[in-house]
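Chemist: Here is my input; please provide its structure:
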Amino acid sequence: MREPLSYQQFVERALIKNYKGDLYSKFMQALIRYEMIKPGDKVAVAISGGKDSLVLAKLFQEFKRHGNIDFETVFITMDPGFLPGAMEKHLNTCRKLGIDLVVEPSDVFEVNRKMGVMDSPCFLCARMRRGVLYKLARKHGCNKLALGHHMDDVIETTILNMFYEGRYQTMMPKIRSENYEGIELIRPMYYIKESDVIRFANYCHLEPIKCGCPISDGEKDTKRKEIKRWIAEWRKTEPNIDINIFRSAENVNLKCVLRYHDDDHERTFLDDY
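Modeler: Residues are numbered from 1 along each chain as shown. Predicted coordinates:
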């Protein structure tokens with residue numbers, strides 16, 4: 001009689017068998033197209049405790065086992081001041097998934113609260129957390145920092161920049177850190193849809209934790225949530241609206257924009273008129 005699968009084995013089997021096309025194949029597609037991983041790399045995989053980063057960790061484990069690139073991984077969690085019991089739940093989930101975790105405590109939530117930045121607390125918090133993660137990556141000798149942003153995050157960021165910042169700017173699949181030389185941020189879930197992550201998480205009964213933010217978690221709404229609702233409404237009449245927004249960043253015709261710049265230089269359509 002065959003031994004029953006452990007929870008870890010069940011999740012890994014589902015990732016390769018049931019959700020290979022939606023998750024693992026798209027993960028590999030992004031890695032290859034944007035040249036995210038090279039031989040000899042050491043990748044710090046950031047795990048926040050949410051569903052996206054937990055799936056990211058399992059994708060990296062599968063790639064490490066079955067891929068043809070020799071690289072190392074370190075799975076890191078930055079504790080910004082989680083609610084009581086949240087970290088214990090997170091550690092238990094990672095143990096069940098076979099993820100060997102390195103935890104670094106910080107006071108990001110408390111600093112954010114004391115600064116009293118109410119207009120854009122999520123932006124400030126994200127920058128502070130990113131800084132801690134970069135430091136952790138450097139501490140463990142990593143040259144790459146992997147985050148669990150997916151395609152929906154890219155689309156929502158594009159719209160947020162257009163509607164609320166008055167600029168066309170998307171979330172890039174990889175970017176070199178300006179403050180931490182030699183470290184590159186990568187987003188291997190760039191082609192993965194959030195709906196597929198949710199389906200996989202539900203199928204595997206993953207137990208993610210909430211961010212625990214005292215400002216934006218729970219009742220407080222955010223612009224990103226608002227954008228997410230808009231896209232869901234737009235999709236009712238135009239099913240490919242989100243994909244078209246994503247592709248628009250790949251189909252920019254510089255002859256048909258009024259002005260563009262690359263931080264150092266600025267040009268307008270009149271320069272070549």
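
Chemist: What segments of the stretch 101-250 of the chain are helices?
Modeler: For the stretch 101-250 of the chain, the helices defined by DSSP state H, counting those that start in this stretch cover 108-115, 121-139, 151-160, 194-204, 223-237, 241-248.

Chemist: Can you give me the neighbour number for residue 80?
Modeler: 22 (other Cβ atoms under 10 Å). Glycine gets a C-beta too; all of them are placed from N, C-alpha and C.

Chemist: before we move on, what about residue 51?
Modeler: Around residue 51 there are 21 residues (other Cβ under 10 Å).

Chemist: surely it meets residue 199?
Modeler: No - counting by Cβ atoms under 8 Å, residue 51 stays clear of residue 199, with 10.5 Å between them.

Chemist: Longest strand in the protein, please.
Modeler: Counting residues, the longest strand found in the chain (DSSP state E) is strand 72-79.

Chemist: Packing partners of that one?
Modeler: Using 3 or more Cβ pairs under 8 Å, 6 or more residues apart in numbering; DSSP states H and E, the elements in contact with strand 72-79 are strand 42-46, helix 51-66, helix 86-97, strand 101-105, helix 121-139.

Chemist: Any chance of a markdown table for these, columns distance to residue 75 and mean pLDDT?
Modeler: What follows is the helices and strands packed on strand 72-79, written out as a markdown table (distance: least, Cβ to Cβ, whole Å; pLDDT from 0 to 100):
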| stretch | distance to residue 75 | mean pLDDT |
| --- | --- | --- |
| strand 42-46 | 5 | 97 |
| helix 51-66 | 6 | 96 |
| helix 86-97 | 8 | 91 |
| strand 101-105 | 5 | 84 |
| helix 121-139 | 11 | 77 |
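
Chemist: most packed of those?
Modeler: strand 42-46 (a mean of 23; mean count of other Cβ atoms under 10 Å).

Chemist: my guess is residue 69 contacts residue 35, does it?
Modeler: No - using Cβ under 8 Å, residue 69 makes no contact with residue 35, being 10.9 Å away.

Chemist: about what we covered before: among the helices and strands packed on strand 72-79, which comes closest to residue 192?
Modeler: Among these, the nearest to residue 192 by Cβ to Cβ is helix 51-66 (8.0 Å).

Chemist: Please list the outside residues in contact with that closest one.
Modeler: Here helix 51-66 makes contact (Cβ atoms under 8 Å, 6 or more residues apart in numbering) with 11-12, 15-16, 23-24, 27-28, 31, 37, 43, 45-47, 69, 71, 73, 75, 93-94, 97-99, 146-150, 188-189, 194, 197-198, 200-201, 206, 208.

Chemist: Spatially central residue in this structure, please.
Modeler: residue 149 (2.0 Å; Cα atoms, centre = their mean).

Chemist: measure that one to residue 48 for me?
Modeler: 11 Å (Cβ to Cβ, to the nearest Å).

Chemist: hang on, the earlier thing: filter the contacts of helix 51-66 down to the buried ones and hand me the ChimeraX line.
Modeler: To isolate the buried ones among the contacts of helix 51-66 in ChimeraX, judged by 16 or more other Cβ atoms under 10 Å, type:
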select :11,12,15,23,24,27,28,31,37,43,45,46,47,71,73,75,93,94,97,99,146,147,148,149,150,188,189,194,197,200,201,206,208
